[in-house]
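Student: Sequence and predicted model, in that order:
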Amino acid sequence: MRQAFIVYPKYRNGTMPGGELAHNSLETRFDIEFTASLAKREKQIQQSYRPVIGIHKWFARRPGTVFRNLLLAEFDSENSLREDYWRAHQFTGVIADPFMGGGTPILEANRLGFSIIGADINPMAFWIARQSLAPLDLNSFATNAQAVINDIEREIGFLYSTTCRFCGGLAEVKYFLWVKTQTCPECGEENDLFPGYLLAEAVRHPYHVVACRKCGELNEFTSQPTIADPELCHFCGELVYVDGPAKRNKIKCSTCFKIYSYPEGCPTTPPKHRLWAIEYYCSTCKPNYQGRFFKRPDASDFERYLKAKKKLEERQAELPIPSTFIPLGDETKRLHRWGYKLFKEMFNDRQLLGLGLLLRRISKVEDNPSRHALLTVFSDFLRYQNMLARYDTYALKCQDIFSVHGFPVGLVQCENNLLGIHKVGSGAFRHFIDKYSKAKEYCRQPFETRQIGHRKEIIPIVGESISAEQVEQFPKADARQAWINSRSAEEIPLSPDSLDGVFTDPPYFDNVQYAELMDFCYAWLRLALAGEFNVFKASSTKTLQELTGNQVMGRDLNHFTKGLSRIFCHYAGALKPGAPFVFTYHHNDPSAYIPIVVAILDAGLDCTATLPVPAEMGASLHIARTKSSVLDSVFVCRRIKAETQEDSILEKLKNDLSMLKSGGLRVTEGDIRCLLAGHIARRAINLLRDEWKLGTEIKGRMGLARITIAGVREELEIERLIKEITPSMT
């Protein structure tokens with residue numbers, strides 16, 4: 001393992017005294033190929049490259065490697081980025097992020113020595129950033145965590161045991177598998193809504209595991225049986241196949257054969273579920289057994305669940321369980337359509353009992369930093385402890401409810417072990433304790449991962465850390481302080497010439513409904529924190545001030561443009577002369593770039609560059625098999641006139657694509673379209689800069705931006721250009 005320790009205690013901001021760009025500013029020093037090679041690998045296994053994201057889930061986090069390179073390209077000129085990236089730095093100055101979210105830009109800036117200002121209207125973003133920067137005694141944290149686990153284990157650990165079907169001894173359950181059921185409106189029969197009967201594929205288990213539709217027993221086959229080529233059940237002799245009866249929201253009743261819809265129209269209660277399979281772990285049998293342990297639940301398994309149900313009925317009044325309603329929104333309307341009206345309805349009785357007991361026990365921890373850390377772990381692991389989590393038949397594990405940026409309501413659910421099995425399975429409390437500890441250890445000693453051939457080299461960047469004195473006022477530039485706010489960014493008091501840079505990842509209009517999703521965790525976390533922090537007193541994180549497009553709340557492109565403009569103006573007005581305003585952005589819809597053009601020009605900025613960087617992982621469930629781009633355009637803006645006389649969008653695009661390919665990226669048509677949209681938006685800003693009038697109505701400014709963007713697109717003959725360039729670049 002190689003260690004690097006070189007500190008540069010200086011500051012520069014990429015502009016000359018007169019305000020013009022220095023020759024070694026961000027626009028010229030940023031290395032697209034180098035950044036792409038790092039960011040691509042980071043997004044594949046982001047938690048290994050940036051363990052700090054293990055503090056808590058946030059959506060669409062951009063690679064930390066991108067913002068480290070952006071900051072270094074702007075504020076350091078000692079060597080090339082490829083040399084400076086692996087060295088420790090200690091800059092002074094104040095960097096702000098008006099759309100803090102998960103905190104990537106400010107955490108990277110803090111690591112480089114800057115004081116930081118972070119703002120986000122969502123209290124969950126405030127909490128995640130706060131906890132990322134907060135000091136934590138890992139020994140005290142581990143001791144308190146183990147005490148919590150021991151107490152809960154003694155009280156309800158038996159609810160997560162089962163009888164091994166081989167040795168007959170007690171074994172620990174990893175996952176309970178449930179299927180939704182619905183009553184036939186014709187004959188009253190309760191039908192299982194199986195989309196398929198496959199439990200496990202023969203990849204991480206020697207055989208395909210398929211449930212019998214007749215007797216429910218689990219069969220193992222060397223190939224997957226289908227309706228056209230079925231197998232016989234080893235237990236009852238009926239035909240077995242993977243094809244299920246629930247297709248396209250229709251089911252045929254197994255008794256009267258009536259075809260009816262699911263979910264039923266305007267349901268008044270959440271859907272019912274039936275326990276149909278268990279994956280468990282038998283430490284006695286495992287040494288002599290290949291594959292995973294699966295079984296059909298027996299009478300004892302059902303009895304344990306009934307005990308949990310009874311225990312919950314007896315103790316529910318004393319447990320912290322949310323009673324709040326699920327607000328109707330663009331993402332949550334799917335929950336309402338299935339009959340989920342309260343957050344607690346997204347959990348079964350055993351989950352509510354376990355979570356209530358666990359939250360109550362954590363709230364009794366006396367050490368404040370440990371209690372706050374454990375509450376953060378609790379909030380985060382809820383993603384795997386609910387009745388919307390699904391079972392991955394390929395990887396054979398529980399899937400995060402937020403594996404896509406929404407609330408997908410599947411038909412087969414996975415109930416995870418609450419506390420979990422040490423070093424077995426994933427998504428349980430024990431596993432998240434370990435994840436949090438690794439995140440805080442990384443904050444104490446950050447590292448970078450360098451690829452050398454097929455080998456990875458971990459390089460500790462000795463001299464850097466992620467930590468700050470958290471203050472309630474504008475931070476001192478040379479004191480490494482952090483001012484973290486949970487309010488609208490435009491409410492943060494800022495003085496002129498006070499910011500050395502703005503680096504941010506703003507919302508991309510309607511791509512992610514942050515408040516609707518984070519309410520799922522917030523509903524529980526506020527029960528323990530509302531007494532300590534005012535930001536947790538509201539019943540929901542949703543607010544009319546949230547800056548995202550939302551059809552249900554009537555937040556359209558106009559709303560987004562106005563809000564973005566106000567915040568850009570507020571922060572641009574606080575920049576020092578020549579200081580950069582840098583942000584990432586991508587969207588499939590060209591009209592979504594209109595707010596960007598308007599906001600930049602309203603703020604008195606010009607766009608000096610758009611730079612391509614990897615942003616998403618192509619295999620992500622919300623990206624895979626779509627035409628979405630995995631790339632962002634980084635908009636670099638300053639209060640100077642951008643030079644455009646030698647500016648060719650086609651040449652820049654070709655250079656971008658060439659550098660990205662050299663960095664190891666496979667570019668798609670969707671990527672080309674997104675990068676083009678960024679360059680077109682930049683050109684529109686350059687063209688409109690001199691004639692822009694802030695005093696005109698927002699619709700007029702948006703119309704001018706729309707016309708200019710359309711004109712540039714027409715001039716480029718965009719569809720012909722994409723058709724020509726795609727084959728040679730993909």
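Tutor: Arrived safely.

Student: Only alpha carbons, please: show stretch 418-429 as CSV.
Tutor: Provided in CSV are the C-alpha atoms of stretch 418-429 (Å, rounded to 0.1, in the frame of the first residue of the first chain):
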residue,chain,number,x,y,z
LEU,A,418,-34.2,-7.2,11.4
LEU,A,419,-30.8,-7.5,13.1
GLY,A,420,-29.2,-9.8,10.5
ILE,A,421,-26.7,-12.6,10.6
HIS,A,422,-23.0,-11.7,11.1
LYS,A,423,-21.3,-11.7,7.7
VAL,A,424,-24.3,-13.4,6.0
GLY,A,425,-26.9,-11.7,3.9
SER,A,426,-27.3,-7.9,3.5
GLY,A,427,-29.6,-5.0,4.4
ALA,A,428,-30.0,-5.8,8.2
PHE,A,429,-29.1,-3.6,11.2
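
Student: And it, how far out from the chain middle?
Tutor: 21 Å (CA atoms, centre = their mean, to the nearest Å).

Student: again with stretch 718-726
Tutor: With CA atoms, centre = their mean, you get 33 Å for stretch 718-726.

Student: Can you mark which positions in that stretch are buried?
Tutor: Within stretch 718-726, the residues that count as buried by 16 or more other CB atoms under 10 Å are 718, 721, 725, 726. C-beta coordinates here come from the backbone N, C-alpha and C atoms, glycine included.

Student: Let's see that stretch as CSV, backbone CA atoms only.
Tutor: What follows is stretch 718-726, C-alpha atoms only, in CSV (Å, rounded to 0.1, in the frame of the first residue of the first chain):
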residue,chain,number,x,y,z
ILE,A,718,-29.4,18.2,-34.9
GLU,A,719,-31.1,15.0,-36.0
ARG,A,720,-28.9,14.7,-39.1
LEU,A,721,-25.8,15.4,-37.0
ILE,A,722,-26.7,12.8,-34.4
LYS,A,723,-27.4,10.2,-37.2
GLU,A,724,-24.0,10.9,-38.7
ILE,A,725,-21.9,11.0,-35.6
THR,A,726,-23.4,8.2,-33.6
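
Student: quick one: contacts of that stretch?
Tutor: 650, 653, 654, 657, 669, 672, 673, 676, 680 (CB atoms under 8 Å, 6 or more residues apart in numbering).

Student: Put together a markdown table for those residues, with distance to residue 157 and secondary structure on each row.
Tutor: Below are those laid out as a markdown table (distance: CB to CB, whole Å; DSSP: H, G, I helix; E, B strand; the rest coil):
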| residue | distance to residue 157 | secondary structure |
| --- | --- | --- |
| 650 | 65 | helix |
| 653 | 59 | helix |
| 654 | 61 | helix |
| 657 | 56 | helix |
| 669 | 53 | helix |
| 672 | 54 | helix |
| 673 | 53 | helix |
| 676 | 57 | helix |
| 680 | 59 | helix |
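
Student: got those residues as TSV, with distance to residue 376, pLDDT and neighbour count columns?
Tutor: Compiled in TSV, those are given as follows (distance: CB to CB, whole Å; pLDDT from 0 to 100; neighbours: other CB atoms under 10 Å):
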residue	distance to residue 376	pLDDT	neighbour count
650	48	90	13
653	42	93	22
654	45	92	14
657	41	94	23
669	40	91	16
672	40	93	21
673	38	93	21
676	40	94	24
680	41	95	25
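
Student: so which of these comes closest to residue 466?
Tutor: residue 657 (33.9 Å; CB to CB).

Student: So the protein: which segments form each domain?
Tutor: 1-134+428-505, 143-195+244-427, 573-730 (automatic domain parsing).

Student: Among those, which comes closest to residue 535?
Tutor: Comparing those by CB to CB, domain 1-134+428-505 comes nearest, at 4.0 Å.

Student: re the thing from before, out of the domains of the chain, nearest to residue 538?
Tutor: Nearest of the domains of the chain (CB to CB): domain 1-134+428-505, 7.7 Å.

Student: show me where the stretch 501-650 of the chain has helices.
Tutor: Using DSSP state H, counting those that start in this stretch, the helices of the stretch 501-650 of the chain run over 514-529, 557-572, 594-602, 649-662.

Student: orientation of the second one relative to helix 594-602 in degrees?
Tutor: In this case it means helix 557-572. 30 degrees (axes from the mean of the first three to the mean of the last three CA atoms, to 10 degrees).

Student: how near is the residue of the chain positioned farthest from its centre to residue 145?
Tutor: Distance from the C-alpha centroid of the chain, by CA atoms, centre = their mean, peaks at residue 237 (45.9 Å). Using CB to CB, to the nearest Å, we find residue 237 at a distance of 50 Å from residue 145.
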